[in-house]
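1. From the sequence below, what's the structure:
(one chain, ligands or ions: 1)
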Amino acid sequence: MSQATTALDAGHLTDEAIRSTMTNCTRGEAHRMRVPDWVHGTDPVREVVGWRDPKAPERGWLLVPLGEAVVGLALRATPGKGVRATAMCDLCRTTRSPGEVSLFVAARAGESGRKLNTVGTYACTDLACADNVRVLRATPRLKPDPGLSVSQRQEALRERAATFARKVLSTAD
Ligand SMILES: [Zn+2]
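-> Prediction:
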């Protein structure tokens, strides 16, 4: 077990541990990543954690549980203000107002990422999918996946995020 995984399991999510999970960016980028304070209080072994970088508007970061490990993904939002119509997030299946869903791309890990090979997904512009699946009452701006309990939505979010993370890690095609 790596030191990073141990630190995550212990619930002490150090800055160093978060940076060491990043799989698809350079060490320099992982080093420069801004990690908001609240991220240190989360449990990314159990829950998808996402945030935008206020000082790098196109940057987004996602910590995805994969088995007992955590995979960190560097994302880039396509420029602009997001999808101009009401749209659904591919990760949490929440239907959001115009501008609140964006197309994000992740460079594939390793050699294929260096060849500018990317994987894309539509996701909540704020990457707050973990919060959005907890919303109990739909509003005109934010409609969670209907007919599911919060825990079912959380499970589905983890599965979809894991599928996305596996694509980023995949070296096939
Ligand atoms: Zn979402």
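2. Assign the most centrally placed residue in the chain to helix, strand or coil.
-> Closest to where the C-alpha atoms of the chain average out (C-alpha atoms, centre = their mean) is residue 62, at 2.8 Å. The three-state label given to residue 62 by DSSP: H, G, I helix; E, B strand; the rest coil is strand.
3. Could you give the backbone dihedrals for residue 161?
-> Residue 161 adopts backbone torsions of phi -70, psi -40, taken as degrees, to the nearest 10.
4. Relative to the whole chain's centre, how far out is stretch 62-69?
-> 10 Å (C-alpha atoms, centre = their mean, to the nearest Å).
5. what about that stretch, near the ion?
-> No. On the criterion C-beta under 5 Å from the ion, stretch 62-69 is out of touch with the ion, staying 10.5 Å away. To be clear about C-beta, it is placed using only N, CA and C from the backbone, and glycine gets the same treatment.
6. Now that stretch: average pLDDT?
-> Stretch 62-69 carries an average pLDDT of 93.
7. do the same with stretch 134-145
-> Rounded mean pLDDT across stretch 134-145 is 93.
8. Kindly check the end-to-end length of that stretch for me.
-> End-to-end span of stretch 134-145 (C-alpha to C-alpha, to the nearest Å): 10 Å.
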